[in-house]
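Asker: Here's my sequence, what's the structure:
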Amino acid sequence: MAGFEASGLPGSQAILTGFKECKNLETFISSFQQENCILLNSLNPGLQLLDLQGLKRFNFHQNVMADLLEKLLDRINMMNCDDDKIASLLNHIFQFVHVDAVRPVIMAALKKQKDIKQEYIELISTNDKIYRDCPLEVKRLVWMKKHPLFGDAVGPILNKYIEEKHKILFTIENIKVRNFFSLPPRQRRQKVFIKELISMIGSSIDLYNLVLQFLRTLFLRTKEEHYCSLRGELLMAFHDADVKEIRQVDPCHKFTWCLDACIRDKSIDSKRLKELQTFLDGIKKGQEEVMGDIAMILCEPYATNTIVSSVLQQLNKLIKVDLLPRSSQDLMFLIRLLTLSVGSWTMIKTQNFKESPMNPDIITKFLPMMLSVMLDNIHCGNSNWTVSIPESIWSYLKEDQVAQMIFSYFIAQLISHDKRIVLEAVLPHFARALKSQPINTSVLNLIVHNALRHLESFSDPTYCILFFDQFLFVWKDYEEILHHVLRLLWYVHEKIERQELVRLLTATQPSAQHSEMVHDLYSRLVDLVASSKASTPSSVEQAHSLSPSLQLSPGLSPGMLSS
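Answerer: Got it, this is the predicted structure:
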């Protein structure tokens, strides 16, 4: 057993020193046994009997220790948390926390405490071995006083959560069937990382608030919108677990609960819009900081997707009844929610939690122009109809994030329904207008999914030029965009003409600045293309007829060019 010396007891080092310094070994051994034996006079005859039977004293003491440990743990577990005997026990035995055999008793007693002494916390937090041996209940008590230790414990879980979100965004598996938004809210909350956080926090308001502060800080540093997702998912996970200490204290609970139902239904109806509005309008003076968390919850991709989808639904309703956007109160409030969503990072950074007013031009100018484009989309099947896009719409897209988000989702819908005529009119202008502001990666995941509904379209070189060169390639220097382009090529390459495919693969070759993940996907894609079709003389001639710069591109293997 270890830890005796640290607890002030004679251990292995004392025995070693005694052996070195003693003049008579038998006298030393006998003296040591007498001083450290079980202090029970009636036991001596029994020990002599055990000696005669060849049972070692070590084995005897081990068995006694195990039996006593079991009985003592049972008694401690039966005590109430406010029992003074537990505190008294800790006062007597905590000094022996270094002894491995005694530590379980100390930890069992600490678990029964609502609060533990600062000296206990200091010792536990500075001793890695003892800290690792602490049960979760004791670690929580330590984390409440030692925030850096909690950060060290939570950090890897937050990293894994973000990694999983990126894995879902950039997966090449089943993307024809599922997109990033396919997973229902309750299933997302069943993920192992959420459960780990719930377990670590328990019912501690302090630790819950600490996690929320971590999420705000990380969102501020990285602009990673998935930290906003975790803000809402964590609260709703506590709601599912019925942890009243958390859900009743978090001021965003009712708002998040209502929004979660909307995300589940993939739409925000008038009744729920009124509930959300009642909450926002009910935030009192002195509670403005709540607006920062509300903005984060609205910023998460699933909430934004639901809000913008509802905006487009409202616009379609207005077209049917021939009304302007400013006539719809529901639409006005949806724009208010979207304004909060896209402004969340700025609100957190500036610590100015006053709700920014909506840009009136969005309602009075941009959305009416959107209605015009949507009408073109409805009637573009008629041979006499000409698609006319107001030139000023691109100025709004350059300057206003709300406009950008709405139009991005509109493009996703156009691609989903293969509206070629309207796409030809909007994609090049949209990409040029936002050349320095790449399309949101979650929306692009949806766009790729929608594009795969119409694989045959990519057999047309004109469509490839429109979709790749005039749209996606405008942002291909950005890591996330190129990754999505490669995901799309993974599924459509068989539909693309060979010469066109070689050109696209050459154009999408990653640079040294791109991540290993993108380089790996590109390499696998090239191998997939090379092995997907057998070599033919005609294809070899086509490959060799390309310009030298394309033939010698270092990312393309000779085998692929000749296949």
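Asker: just for the protein, where's the confidence low?
Answerer: 1-11, 33-45, 47-48, 57, 81-82, 381-385, 533-563 (pLDDT under 70).
Asker: report the longest helix in it, please.
Answerer: helix 147-170 (DSSP state H).
Asker: and stretch 347-357, how far apart are its ends?
Answerer: Across its full length, stretch 347-357 reaches 13 Å between end residues, using Cα to Cα, to the nearest Å.
Asker: still on that earlier bit, helices or strands next to the longest helix of the chain in the packing?
Answerer: Contact analysis of helix 147-170 by 3 or more Cβ pairs under 8 Å, 6 or more residues apart in numbering; DSSP states H and E lists helix 136-145, helix 192-201, helix 205-222, helix 226-240, helix 441-451, helix 479-492 as its packing neighbours. For every residue, glycine as well, the C-beta is placed using N, CA and C.
Asker: Redo the ones you listed as a markdown table? Include distance to residue 323 and mean neighbour count.
Answerer: Shown next, in a markdown table, are the helices and strands packed on helix 147-170 (distance: least, Cβ to Cβ, whole Å; neighbours: other Cβ atoms under 10 Å):
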| stretch | distance to residue 323 | mean neighbour count |
| --- | --- | --- |
| helix 136-145 | 55 | 18 |
| helix 192-201 | 43 | 17 |
| helix 205-222 | 38 | 16 |
| helix 226-240 | 33 | 23 |
| helix 441-451 | 27 | 23 |
| helix 479-492 | 37 | 21 |
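Asker: Now render those helices as a markdown table, adding distance to residue 275.
Answerer: Shown next, in a markdown table, are the helices and strands packed on helix 147-170 (distance: least, Cβ to Cβ, whole Å):
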| stretch | distance to residue 275 |
| --- | --- |
| helix 136-145 | 34 |
| helix 192-201 | 25 |
| helix 205-222 | 23 |
| helix 226-240 | 16 |
| helix 441-451 | 25 |
| helix 479-492 | 35 |
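Asker: For residue 459, which of those is the nearest?
Answerer: Of all those, it is helix 479-492 that lies closest to residue 459, at 9.0 Å by Cβ to Cβ.
Asker: if we can go back for a sec, restrict the longest helix of the chain to CA atoms and write it as CSV.
Answerer: Written as CSV, here are the backbone C-alpha positions of helix 147-170 (Å, rounded to 0.1, in the frame of the first residue of the first chain):
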residue,chain,number,x,y,z
HIS,A,147,-12.8,26.8,-12.2
PRO,A,148,-9.7,26.0,-14.2
LEU,A,149,-10.0,22.3,-13.3
PHE,A,150,-13.5,22.3,-14.5
GLY,A,151,-12.4,24.0,-17.7
ASP,A,152,-9.8,21.3,-18.2
ALA,A,153,-12.5,18.6,-17.7
VAL,A,154,-15.1,20.2,-20.0
GLY,A,155,-12.7,21.5,-22.8
PRO,A,156,-12.2,18.1,-24.5
ILE,A,157,-15.9,17.4,-24.5
LEU,A,158,-16.6,20.7,-26.1
ASN,A,159,-14.0,20.0,-28.7
LYS,A,160,-15.4,16.6,-29.5
TYR,A,161,-18.9,18.2,-29.8
ILE,A,162,-17.6,20.6,-32.4
GLU,A,163,-15.7,17.9,-34.2
GLU,A,164,-18.8,15.8,-34.5
LYS,A,165,-20.8,18.8,-35.9
HIS,A,166,-18.1,19.2,-38.6
LYS,A,167,-18.2,15.5,-39.3
ILE,A,168,-21.9,15.7,-40.0
LEU,A,169,-21.5,18.8,-42.1
PHE,A,170,-18.7,17.4,-44.3
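Asker: buried residues in the helix or strand just after it?
Answerer: With elements assigned by DSSP states H and E, the helix or strand that comes after helix 147-170 is helix 185-188. Within helix 185-188, the residues scored as buried using 16 or more other Cβ atoms under 10 Å are 185, 188.
Asker: which secondary structure elements does helix 185-188 contact?
Answerer: Using 3+ Cβ pairs under 8 Å, 6+ apart, helix 185-188 sits against helix 226-240, helix 253-265.
Asker: Of these, which is nearest residue 486?
Answerer: With distances scored as Cβ to Cβ, the stretch of those nearest to residue 486 is helix 226-240 (21.0 Å).
Asker: List the contacts of the closest one.
Answerer: 158, 161-162, 165-166, 185-186, 188-189, 194-195, 197-198, 208, 211-212, 215, 218-219, 246-247, 250, 252-253, 256-257, 259-260, 293, 296-297, 299-303, 344 (Cβ atoms under 8 Å, 6 or more residues apart in numbering).
Asker: same thing but at 7 Å, please
Answerer: Residues outside helix 226-240 that contact it (Cβ atoms under 7 Å, 6 or more residues apart in numbering): 161-162, 165, 185, 188-189, 194, 197-198, 211-212, 215, 218-219, 246-247, 250, 252-253, 256-257, 260, 293, 296-297, 299-302, 344.
Asker: just stretch 297-305 next, same as before
Answerer: Applying Cβ under 7 Å, 6+ apart, the contact partners of stretch 297-305 are 180-181, 225, 228-229, 231-232, 252, 256, 259, 263, 337, 340-341, 344, 405, 442.
Asker: Stretch 450-468 too?
Answerer: By Cβ under 7 Å, 6+ apart, stretch 450-468 touches 175-176, 412, 415-416, 418, 423-424, 427, 488, 491-492, 495-497, 500, 504.
Asker: rerun at 6 Å
Answerer: With contacts defined as Cβ atoms under 6 Å, 6 or more residues apart in numbering, stretch 450-468 is touched by 176, 412, 415-416, 418, 491-492, 495-496, 500, 504.
Asker: Selection in PyMOL covering whichever of those residues are buried, please.
Answerer: Buried residues among the contacts of stretch 450-468 (16+ other Cβ under 10 Å), as a PyMOL selection:
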select buried, resi 412+415+491+492+495+496+500+504
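Asker: on that earlier part again, between the helices and strands packed on helix 147-170, which gets nearest to residue 373?
Answerer: helix 441-451 (17.1 Å).
Asker: Name the next helix or strand downstream of the closest one, please.
Answerer: Using DSSP H and E, the first helix or strand after helix 441-451 is helix 461-464.
Asker: Tell me the buried residues in that following helix?
Answerer: 463-464.
Asker: Could you list the alpha-carbon positions for it in CSV?
Answerer: Below are the C-alpha coordinates for helix 461-464, written out as CSV (Å, rounded to 0.1, in the frame of the first residue of the first chain):
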residue,chain,number,x,y,z
PRO,A,461,-21.5,21.1,-69.3
THR,A,462,-23.4,24.4,-69.3
TYR,A,463,-25.0,23.5,-65.9
CYS,A,464,-21.6,22.5,-64.5
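Asker: Now find how far off-centre it is within its chain.
Answerer: 36 Å (Cα atoms, centre = their mean, to the nearest Å).
Asker: Stretch 269-280 now?
Answerer: 27 Å.
Asker: what does it rub up against?
Answerer: In contact with stretch 269-280 (Cβ under 6 Å, 6+ apart) are residues 254-255, 258, 262, 330, 333.
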